[in-house]
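*Asks:* How does the following fold in three dimensions:
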Amino acid sequence: GEAMKFTTVTVGGLETNCYILFEEDRGDAVVIDPGDDSAKILKALGKRTAAAVLLTHGHFDHTGALHAFAGTPIHIHHLDKVMLTDSHYSFGDMVLDKGKRPEATNFVKDGDILRVAGMEIQVLHTPGHTRGSVCYRVGGVLFTGDTLFPGDYGRTDLPGGSPEQMRASLRRLLTLHGLRFYPGHGPGSVIQ
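*Replies:* Take a look at the predicted model:
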């Protein structure tokens, strides 16, 4: 295929980054973290169809528009799957978002290579923010969810979070020198 391109759609009250990955010459795409504002995401997809939804983790602000992709394969790490069906674990409770999400259809694990929409997407299990947090790597680009931010990392104080696991995950990610990364909120950067 061609080189991967992506569009960033900022959605919801917490300004979650939803990423739409595609190759120019194809009619399909991959959606990472459809957090809210389904109409905005579908508009950004345009004529492309979503071949898969990839979730970096299960928190409510990364899954709020999943209902727009019922019938599309939805990928998450099994350790976060409970968050899609229980708003207590997704923290949707805290913002009165108790909406049940469509259930995941596919469970990813560390080292998986997903071949979808012409792309090869590598899965890195990076627990710390949640038990099932993952990053998705496509070539020289890494989508880090709420694990790694420019000069910062995701909070570890919520249930399922672990400072110890986060340290191990960050040690692993910080060896990927020169990789561009794009987090779940705010701007991207390069791993130094």
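*Asks:* show me where this structure has strands.
*Replies:* For the chain, the strands defined by DSSP state E cover 4-11, 16-23, 28-32, 49-54, 74-77, 106-108, 113-116, 119-125, 134-138, 141-145, 148-149, 152-153, 180-183, 189-190.
*Asks:* and stretch 68-75, which residues are buried?
*Replies:* Buried residues in stretch 68-75, counted by 16 or more other C-beta atoms under 10 Å: 68-69, 72-75. (C-beta placed from N, C-alpha, C; glycine too.)
*Asks:* could those go into JSON lines alongside pLDDT and distance to L54?
*Replies:* Shown next, in JSON lines, are these (pLDDT from 0 to 100; distance: C-beta to C-beta, whole Å):
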{"residue": "A68", "pLDDT": "96", "distance to L54": "15"}
{"residue": "F69", "pLDDT": "96", "distance to L54": "11"}
{"residue": "T72", "pLDDT": "97", "distance to L54": "11"}
{"residue": "P73", "pLDDT": "97", "distance to L54": "9"}
{"residue": "I74", "pLDDT": "97", "distance to L54": "8"}
{"residue": "H75", "pLDDT": "98", "distance to L54": "5"}
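*Asks:* V82: which of those residues is nearest?
*Replies:* Among those, I74 lies closest to V82 (C-beta to C-beta), at 14.2 Å.
*Asks:* Give me the below-cutoff pLDDT ranges for this structure.
*Replies:* 1-2, 89, 92, 94-97 (pLDDT under 70).
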